[in-house]
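**Q** coords below, sequence missing:
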């Protein structure tokens, strides 16, 4: 059976779990606690030398890592991708945005507040992340004021990727009530068939 190594409380892992649920793909979920160093063991590093989750193990023994690469693989030839070349490029645009402009702000602020309990030595970093994180949320909100989903009228892996950390952004100090189009989008995703919560 397909195996996925991850932690569902991690947005990068949750996005994979959510897509697999939407696609009804049977798999075994194997919890990896990165805070306890479980992704740095010799055994895990043989699966992913970068020592990060999520990591997928296929039945033929191959491995795939990097959350958005995993999303792209499983979405191919499904309704969560696009049959149009430009549509696929727009999805990729949002996936790159998520990893470069969104996740480093929203996820890190959440980690500092929700997981670490706001240590004083990271407070200045946390406050700086509020500025860049709110900029990212505003850009998402602007797009969602124009279209129901990030790439038009249909949910795609662009939405799944950005939903993962956005819907728990309040755990990093971000006020989603400031972004009504995001709140409406979150409700649409939660009402999608096959939806599963993070916890």
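**A** The structure has been received and is ready for your questions. What you see is a predicted model; the values in this text were computed from it and never measured. Residues are numbered from 1 along each chain as shown.
**Q** Now do the helices in the chain.
**A** All helices of the chain, identified by DSSP state H, fall at 11-22, 42-47, 67-75, 85-97, 103-110, 123-144, 157-166, 180-190.
**Q** Determine which stretch of those is the most buried.
**A** A comparison of the helices of the chain by mean neighbour count, using mean count of other CB atoms under 10 Å, puts helix 157-166 on top with a mean of 28. (Each C-beta comes from the backbone N, C-alpha and C, glycine too.)
**Q** Contacts for that one, please.
**A** Residues from elsewhere that reach helix 157-166 (CB atoms under 8 Å, 6 or more residues apart in numbering): 11-12, 14-15, 18-19, 22, 67-68, 71-72, 75, 80-81, 90-91, 93-95, 97-98, 102-103, 106-107, 110, 137, 140, 149-151, 176, 182, 185-186, 189, 198.
**Q** Apply 6 Å and report the result again.
**A** Identification of contacts with helix 157-166 by CB atoms under 6 Å, 6 or more residues apart in numbering yields 11, 14-15, 18-19, 68, 71, 75, 80, 91, 94-95, 98, 103, 106-107, 149-151, 189.
**Q** For residue 1, which of the helices of the chain is the nearest?
**A** Closest approach to residue 1 among the helices of the chain (CB to CB): helix 11-22, 11.9 Å.
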